[in-house]
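# attaching a predicted model along with its sequence, questions to come.
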Amino acid sequence: MEPKAPISPADFAACDLRVGTIVGASPLENARQPAYVLQLDFGPLGMLKSTAQLAADYTATELIGKQIVAVVNFPPKQVGQHQSRCLVLGAVQQGSVSLLELPRSVPAGTPIS
């Protein structure tokens, strides 16, 4: 895969990347691809919901408690009956997803820079 076009430091700074703790994961009903509805705790930002196609790589149980990285300032996206309020980040290779996780615990909502 070729690299994307260069962006400016201001473009990158506009992305609000935060640490979130997954506190809930349930199957996304009627999804085209197996997916979960995630409830994420972002500390001072509150609880946000996201939909993520992770069901082929993670069980709902193993997602609980993971501290992940997400973009929290994208506009909401309607996915079925759910409104996704953040974008959970992961490395995607041949359809398999590995979440971007923190190696040690930090407070939920901690900014990524």
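Here it is on my side, so go on. Residues are numbered from 1 along each chain as shown.

# which residues in this protein form strands?
17-27, 36-41, 47-52, 67-71, 77-79, 82-84, 87-88, 90-93, 96-99 (DSSP state E).

# bridging residues for the residue nearest in space to the middle of the chain?
Taking Cα atoms, centre = their mean, the centroid of the chain lies closest to residue 88, which sits 1.2 Å from it. Beta-bridge pairing for residue 88 (DSSP bridges): residue 70.

# isn't it right up against residue 68?
Yes. In terms of Cβ atoms under 8 Å, residue 88 counts as a neighbour of residue 68; the distance is 5.7 Å. The C-beta positions use only the backbone N, C-alpha and C, and glycine is treated the same way.

# identify the contacts common to the two.
Common contacts of residue 88 and residue 68 (Cβ atoms under 8 Å, 6 or more residues apart in numbering): 20, 40, 99.

# quick one, what contacts residue 71?
Residue 71 is in contact with 15-17, 86-87, 89, counting by Cβ under 8 Å, 6+ apart.

# now rank the residues you listed by neighbours and give me the top one.
The residue in the contacts of residue 71 with the most neighbours, by other Cβ atoms under 10 Å, is residue 86 (24 neighbours).

# so that residue touches residue 74, yeah?
Yes. Taking contacts as Cβ under 8 Å, residue 86 lies within contact range of residue 74: 6.9 Å.

# who touches both of the two?
Shared contacts of residue 86 and residue 74 (Cβ under 8 Å, 6+ apart): none.
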